[in-house]
Each structure stands twice: as structure tokens, then as C-alpha cells.
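**Student:** Sequence isn't available, so here's the structure alone:
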């Protein structure tokens, strides 16, 4: 009963949860291409198609950089500096090289100690204070001048979270007011390990974003490629399309081989559907070959030429001095990026630097031929990445249908030449996708596909593991560490789980690892997770006690697979199993079945009613027969029954057991291994710091807006003091005071007010507005008052005319009714004298015609005589009470307006008005409302009259119909009687039989 009582509450809770889930799922989703140099985002929202999120500068991509701008007065305890993103951040690199953080993606998930990639990053950005984080031991940065010295270092994931927050704000601005973006799909390189993927997820979590999935760069490009194409159906014998996505960006080079095909799968019911499939067959990469590496070649060449100049030699400048100078390297890096882009289209280019180092100017020239000579050693690295992908997929270059180019560095001439040499010609090189935005569009499509709010073309994707992985644990019997490989680099994510059997009977731990290269290039086991059982020992004992399982027969079965979201191991099953015997049917159950009281009888279906009756009768007859037989052979029947019972019991005892598998879940604990993870408290601390930074940004933005408003208002004050209209309605004292206050505010603004708070700026602005607003109010009143007065007078005249018309109609109708009453009394006295005669004449012909005929005849006669009665004027809809409010309002407003106009006429233009716009608008609204109410009264009364008329019409119709039916019935009976009379007079007297038949006939006719 308790469960039934709580069911409505459960239904209500389920409805709330479902509503909340639908509201959450209706939010916008975001796809982000997290590049080394640029971040691009694509937004998907109901009503908005998949489109690029523009930056605040209307650019389609944002430079991956964040800057802390040091305050002019130096950092203060507890305060946060101004943050800038993208190109605005890079513009300050030459001024504040120690607080500009670009290309952070290369540092994610890598330890500071022993990582050549981290060391190379530090060498390229010498002004940054890079150190190991105290908990994670990964990259963290100390600010050079934006914070106080005691400020904690900024974790690289924190800085990346700031950039993601900036992208989210831009996306929400595009989505519109009230929209939120919380779900995201992010692209990652195929060579990212579990640690690097976790770093991306940590950055998204700190930014307040929920990662729906991570997708490899090559698969994202392939998904975008598949959205607008149809591939061969393998069910019809089609050959899959094999393509390579060659992606060379700023930080790395990736080659991903993809298989594109379609197949028929089962749909709802008996139907089938055709879906597209995109599968990763293999990947190859070079983690450090990209645009940054090519830029570094140009920087080294510029430094080498600079130290050979006469000015540098005179200043004894060394190459190491320049490379360790933050501002000089920032200038060279910016120009190197521009030069590389120019050389992709031109044969020669140049750059000039004023005071590059030690106040020495420098002019630099380079040709494409010189640049390609520098990159000769890197060309072979392109071929190595391609060959690695071919080997992983077990394919040859001739097996590929095309090479899809993606990434800005693929436009470099030597890269395309190298690809042409690998594949024999340029025929297979394709530019059939947007080389800058294909990945972000693929990520956005994937986000829409995962989100329940959107329905898109069904394309099933399968990413690759990229690394081999396995597990190790201590064998309980041998006490030796056992290893088992689980997945290879080409294993697909999200496939059917593997089931692994463990024979340990006591609690133990299993460590999962990835086989990844270390700093020296050697393959090592990088731990990813440790799974520890919590109650295995107790569960095994329980299996023996409760289910009689032998300890040797108990096994631990674990189902596991690689998650399609991030490639980590996830568990689908964790249970202890054993095979045991279970009683199938006892001897007593067999005896019960013999006499019809067992389970078999209980499970027989009931027969329907007719079948039951027939069976009952058949049973009764057979029962009587049996009783007879049994009475003569009672002893034989008893022996037979005993024999049958013995046979049944024997059969039951021989088949009383069967083998069953018992499965009991086991509790376990999963701990992430590898780089130390942040505790819940540490994670919350970082989020609080980011939230405080964001609140500081909002306060700074509000202050800047107040500053801009105040500055603009001071200029407006100067303009007003020269305006003729303003001078005409203001006094000399008011203008002098305003001029003095404006000058003081302007001087304060560029002096002490430069660092004033938002409240102080707002107070200054309010003080100036209080001087300006009364004067401007007079101008506005003077301009708008005449039109409002004219409109109010017109409205009053309309309500006056309307009331007079209604009153005239009421008087006319009352006069008519009075005259009609007098004539009716006169006519009534004369008609009383003729009433007996008329009544007698009517009585003589009563019953000859029905009411309908009489009414019709009377109306026809009246029409022929031309005696049509005059109805008089139409009854008025309104009453005198309805006019009371409007007439009273007309009088009061008219008097008020006349008094106000007289008082206003006595005032000059420099005095505050007594007849204000606000009062005129209020009076006009009141007049309009009363007029509308009066009009609506007529509408409501007419609707009520129509309803009453319809009701009376329906009643009269029903009465008329009943009268007509009665008249017709009377006529039918009369005709029947006449027929019967004529028949009696013409024929002889019928016999008894014929009389009976005639009576039946008459009854039938009456019916």
C-alpha cells in the first residue's frame, strides 16, 4: 500500500526530472578546434545552423594566447590585472613578454622535468617564468609584473581555461540573450596520451564546460568531409573509400588514414536504414614538426645575420644574448610568422627592426630558395609521419584514394613538394575541404550528434587508440606480476567490451597502462588507472556459504573497453561468478504433480466459458463411467495408483538438479594513476580564483563604461552651453554653474579620477546630469506640449460627441415608447367590445386547421391587406448610468486643462512648466481608457442579446416542431378512420378472422 501511495509523487518527480533534462538538453553546444596557434569554435543551437563563432573583432579564429596586463601603479595585494585574449594579447608581447602566454597546447599533460618539448617551449619564450606546479609537477607560470610576488603560479590548465571561457562568452553572445553554452566537443591530436587528454578535460572543467567527447583532429576533418557526401554501400558490394588526412599546423604534423563507407542496418520495426561510417585505420605523427619549428629556423637565420652587422659587432652582441632577451625574441617571432606566410606566395620578402637589441637597427631579407634550403632536413620528417600511418593501417601509398590537406602549414611549398614525391604526383592531393575550418565543423557536428537536442545525418565514427595498452597485477598463487596486453594502436574506441577472468580470491589491485615513448624515445609503461577490489574476499566466502560454490570454481569476471569519449578504460562488468547445481524438482513436488496440486497444474491456462461447460459435461459422463468401473475393480485401481506414484517419484529424484551460473557484483575503487590529480579542495580553489578573476573583469568593464560615459558627458556639457535652444530656456546662473561643474569634472577625470572607482565615476556623472536634466526637460516640454494638448482636446471632443449621441437616442426611444403606450390603451378599449363576436366566429371553425396553417394564413392575410406594424426606433444599447463616468471625466479634465493652460501661459521659457508632458499623457490615457470601456459595454451587451435570441429561437423551434408532429399524427388518424368507414359501408360484415387481420393492419398504420 505504501508503494501505491507514493506512486503519484514518483510520477511528479519523474516529470520534473524529464522537464529539467529537456531544458538542459535544449541548450547550445560547442565544437572547438583547439589548435596550437589558433582556437576556432562552431556553435550549434536550435534555430541556428552550424556556424563559426566570431571573435569580438569579427574574426573567424582567435589567437591562442592570454595576457595579464600589468597595472600602471604596480600590482596590488588581492587585485587582479586586466586580461586580454587573442590578437590583443599578442600585440603586447613586445611590451610585456613575461606576461603573454601563447601556444599553451604543447605543454598540456607533460612533466616539466625531463620533457624536451617543455624545454624547447621555455627556450622559445625566454621571458616567461616557467616552473613545475607543486602538486601536478606540470607547467605553471609566475607573472613578471601583473601580480604580487606571493601570488601562486598559474597552472597551464588554468590559463587554457581562461581562453575557453573567452570562447564561451563569444559563443553565448552569438547565441543571443539568455543562451548558455555548457557542453563542448574538443579536438585533440591523435598522439595525445591519457595524461594529455586529462589535461584538456581539466581545463574545460575549470572553465565551467562539460566535455561531451574528445575527437582526434583527423577524424574531425573526416567527419566534416563525410557530411556532404555519400559513400559506396558495402552490402551492395561497394568498395570503401580510403583517404588520408594530412594535417600540418603550428605545433605538429599528423597523418590519419580513414575508411569511408555506408551500410544497411536494422531500423525501427521491420525497416532498414543506410548509415555512413568513418573509421580510423591508422595514424602517424611528428609532435614537433609544424609552423613554430619553421618559424624557429627563420629566427635563427635572422639572429645569425644580425650579429654579423656592423652595429651588433660594435656592441659585442652574442647570439645567446638575443635569444635570451624576451622583447627581442618577441619582435623576431612576430616577423618570422609573417615572413613564412609571405614566402608561401612570394619568392622574396624583407623585414626591418628599429632598435632590435642594444639600440641597434636591423634590416633582414630572405628568399624562398633560402628558406627551402633551411627546411631540407625537415622534409624527411614529413615522409616519416606519412609512412608511420601507412604501416599502422597496413596499407601502401597506392591504396589511398586521395590525400586531404588540412592545416595552415600545408600551404608551405616544400611540404606539398614532399607529398608529391611520396605519392608520385599531385593528382591525389585534394583541397576539397576548408583547410582551416574542417576540423572545427567536424567537432561541431559531433557535438550536435551526441546532444539529444539535435537530429543530424547519422554518421557512425570510430576513433583509434593510437597507443598499445594493457594491465598488470599480482597473481595470488605464484605471487608474480602478470602482464596482459588488451588493445593495440589500431583498436577502435567504444567497441564491444572485453571480458577478462581473474582467479584471485582475495582483494587485489590491477594497474592499467599505456605503452608510450619517453624522452629518449624508448617505449615505457605509463600508468593510467589502478582498480582495487573492495569486498572480493567477503564475496567469495559468501558464494561458498550461500550457493555452495567451491573456492576453485569461483572466478572474477571483469568487462572493460576503451571509452569513446576520451579513450580511457571503462568498466561494464565487475562480478564474481561460479557454476553450481540447483535443485530442479523435489520428490514432494513430484507427488503433488501426480495428484494435480503441483506447479504444473498451477501454470495451466484457464479455458473459456464454452469450453469449460463442454468439458464439465464430458467429465461428468466419464466420471459416472469411471465410478462404475472403479466399484467393480477397486483393488486393481489402488495397485495401479501406487505404481504410478512410485514411477513418478523415481523420475523426479533422478532429475532434481541442474547447472546454473551464479553472479554477484563486486565493489571496486578506481584511482587515476600517472600525473598527480588535483584534490576536490584544490580544484575548487582554482575555480574560485578564476571566478574572482572573472568578477574583477566585469567590475573593470563596468568602471570603463562609467569612465567613458562621464568623459562623453563632459564634452556634451560644452556643446550644450553653446546651443541656442539650451541658452533660451536656461538662466545665467544655471549656465555658469554647469560650466564650472563641467570643467571641474573634466580636470578631475584626467587627474585624480583616472584611477577612481566605478561608484565615484557614477557619482560625478549623476551630479552633472542633475544640472542638465531640468534645462533639457524644459526644451522637451516646450517641443512636445502643443501636440499633446491638441490630442487631449480632440479626445475630449470625441467623448463629448459620443455621449451626446447616446443621450439623444435614449430620449428618442423613451419618447416613442410613451406615445406607443397611449395609443395601445385606446385600441384596447375598442377591441374589447368586438371580442365576443370574434370569439364566436373563431369557435365555429375551431379544429379545422392546425396552428401552423392558421399562422400562415393570418400572416398572408395581413400581408395582403398591407397592415404592417411600425416597430419604431431601435432600442438603445446604453443607459444613462453608463454615461455617468464619461461625462464626469469630461467635465473634470476640461476644467483641469483650462486652469493649467492659463497658468502655463503666465510662465516664461526659463521657468519650470506647470503643465507637464507626464500629466498630459496620464490624462489622455485615462480618457482613452474610459472611452474604450464605454465602447466595450456595447459589445458585451450585443453579445448577450445574441445569445438570448438564439436561445429563444431554439425553444420556439422545438415547440413548433412538437406542434407539427401532433398535427400530422391527428391527420393520419383521421385519414385512417375515414378509410375504415368507407370499407365497412362497401363490404359485408367481416368474419372473426378477417376482423382480427383488419385490426392488425390499422395498428400497423398508426405506428
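**Tutor:** Structure's in. What do you need? From a predicted model like this one, the values you see are computed outputs, not experimental measurements. Numbers count the residues shown, from 1 in each chain.

**Student:** Tell me the buried residues in stretch 684-692?
**Tutor:** For stretch 684-692, the neighbour count (16 or more other CB atoms under 10 Å) marks 686, 687, 689, 690 as buried. No exception for glycine: its C-beta is placed from N, CA and C like everyone else's.

**Student:** Stretch 58-77 too?
**Tutor:** For stretch 58-77, the neighbour count (16+ other CB under 10 Å) marks 61, 62, 63, 64, 65, 66, 67, 68, 69, 70, 71, 75 as buried.

**Student:** so of these, which ones are in strands?
**Tutor:** Of the positions in these, 62, 63, 65, 66, 67, 68, 69 sit in strands, assigned by DSSP state E.

**Student:** contacting residues for the last one?
**Tutor:** Think residue 69. By CB atoms under 8 Å, 6 or more residues apart in numbering, residue 69 lies in contact with 81, 82, 83, 84, 92, 96, 99, 146.

**Student:** Pull the distance from the helix or strand encompassing residue 888 to the chain's centre.
**Tutor:** Element membership of residue 888, judged by DSSP states H and E, is helix 884-905. Computed by CA atoms, centre = their mean, to the nearest Å, the chain-centroid distance of helix 884-905 equals 57 Å.

**Student:** Then stretch 511-527?
**Tutor:** Centre-to-centre, stretch 511-527 and its host chain are 39 Å apart (CA atoms, centre = their mean).

**Student:** same thing with stretch 175-193?
**Tutor:** Its chain's C-alpha centre and that of stretch 175-193 lie 12 Å apart, by CA atoms, centre = their mean.

**Student:** Now do the end-to-end distance for it.
**Tutor:** 34 Å (CA to CA, to the nearest Å).

**Student:** Adjust the sequence numbering to begin at 466 for everything that follows.
**Tutor:** Got it, the first residue is 466 from now on, which makes the last one we talked about stretch 640-658.

**Student:** can you list the weak-confidence ranges in the protein?
**Tutor:** 466-491, 1047-1121, 1289-1336, 1415-1472 (pLDDT under 70).

**Student:** and if we set it to 80?
**Tutor:** Filtered on pLDDT under 80, the chain yields the residue ranges 466-492, 512, 1046-1123, 1285-1339, 1342, 1403, 1406-1472.

**Student:** how's it carved up into domains?
**Tutor:** With domains defined by automatic domain parsing, the chain comprises 488-754+845-926, 930-1050+1131-1137, 1147-1283+1338-1417.

**Student:** tell me the contacts of residue 1038?
**Tutor:** 962, 964, 1022, 1023, 1024.

**Student:** where's the last one, which helix or strand?
**Tutor:** Using DSSP H and E, residue 1024 sits in strand 1020-1027.

**Student:** which residues are in contact with that strand?
**Tutor:** Residues contacting strand 1020-1027 (CB under 8 Å, 6+ apart): 930, 934, 951-952, 956-969, 975, 998, 1001, 1033-1043, 1128, 1131.

**Student:** Among these, which lie within helices?
**Tutor:** residue 1001 (DSSP state H).

**Student:** what's the helix or strand harbouring residue 1199 in contact with?
**Tutor:** Residue 1199 belongs to helix 1197-1214 when assigned by DSSP H and E. Counting by CB under 8 Å, 6+ apart, helix 1197-1214 makes contact with 1172, 1175-1176, 1179, 1182-1183, 1185-1186, 1192, 1195, 1229, 1232-1233, 1236-1237, 1239-1240, all of which sit outside it.

**Student:** Is residue 519 in a helix, a strand, or coil?
**Tutor:** coil (DSSP: H, G, I helix; E, B strand; the rest coil).

**Student:** Between the two ends of stretch 994-1006, how far is it?
**Tutor:** Terminal-residue distance, stretch 994-1006 (CA to CA): 28 Å.

**Student:** Compute the distance between residue 998 and residue 1142, please.
**Tutor:** Counting by CB to CB, to the nearest Å, the separation of residue 998 from residue 1142 is 21 Å.

**Student:** Of the contacts of residue 534, which is the nearest to residue 1371?
**Tutor:** residue 547 (57.4 Å; CB to CB).

**Student:** Run through the bridge partners of the closest one.
**Tutor:** residue 534 (DSSP bridges).

**Student:** so what's it up against?
**Tutor:** 533, 534, 536, 1162, 1165.

**Student:** and which of those is nearest to residue 990?
**Tutor:** When the contacts of residue 547 are compared against residue 990 (criterion: CB to CB), the nearest one is residue 533, at 39.1 Å.

**Student:** three-state assignment of the closest residue to the closest one other than its chain neighbours?
**Tutor:** Distance criterion CB to CB, 6 or more residues apart in numbering; nearest residue to residue 533, sequence neighbours excluded, is residue 611 at 3.6 Å. Of the three states, residue 611 takes coil under three-state DSSP.

**Student:** hang on, residue 611 packs against residue 546?
**Tutor:** Yes. Using CB atoms under 8 Å, residue 611 is in contact with residue 546, at 4.1 Å.

**Student:** any shared contact partners between these two?
**Tutor:** Shared contacts of residue 611 and residue 546, counting by CB under 8 Å, 6+ apart, come down to 533, 534, 535, 536, 540.

**Student:** Tell me the helices and strands packed up against the longest helix seen in the chain.
**Tutor:** Longest helix of the chain, by residue count under DSSP H: helix 1223-1298. Here helix 1223-1298 touches helix 1145-1186, helix 1189-1193, helix 1197-1214, helix 1349-1370, helix 1382-1451, going by 3 or more CB pairs under 8 Å, 6 or more residues apart in numbering; DSSP states H and E.

**Student:** Now do the helices in the stretch 566-715 of the chain.
**Tutor:** Counting by DSSP state H, counting those that start in this stretch, the segments of the stretch 566-715 of the chain that form helices are 581-589, 621-640, 659-671, 682-691.

**Student:** Which of those sits closest to residue 870?
**Tutor:** Closest to residue 870 of those is helix 682-691 (CB to CB; 9.6 Å).

**Student:** Would you mind listing the outside residues contacting the closest one?
**Tutor:** The contact list for helix 682-691 (CB under 8 Å, 6+ apart) reads 498, 652-655, 680, 708, 710, 712, 719-721, 723, 725, 741, 743, 745, 748, 869, 871, 897-899, 903-908, 910-911, 924, 926, 928.

**Student:** One more: stretch 695-702?
**Tutor:** 703, 704, 705, 706, 725, 726, 727, 728, 729, 739, 741, 742.

**Student:** Could you identify the pair within those residues that is furthest apart?
**Tutor:** Across those, the longest distance by CB to CB is 17.3 Å; it joins 706 and 729.

**Student:** Between these two, which is the more surrounded one?
**Tutor:** The residue with more neighbours, out of residue 706 and residue 729, is residue 706; 19 against 13, by other CB atoms under 10 Å.

**Student:** do you know how far the residue lying closest to that one once chain neighbours are set aside is from residue 1023?
**Tutor:** Once flanking residues are discounted, residue 706 sits nearest to residue 725: 4.3 Å by CB to CB, 6+ apart. Going from residue 725 to residue 1023 by CB to CB gives 35 Å.

**Student:** can you check residue 1140 too?
**Tutor:** From residue 1140 over to residue 1023 (counting by CB to CB), the distance is 25 Å.

**Student:** just checking, residue 1132 touches residue 1000?
**Tutor:** Yes. Assessed by CB under 8 Å, residue 1132 is found in contact with residue 1000 at 5.0 Å.

**Student:** And the two? Which one has more around it.
**Tutor:** Counted by other CB under 10 Å, residue 1132 and residue 1000 do not tie: residue 1000 has more neighbours, with 16 against 13.
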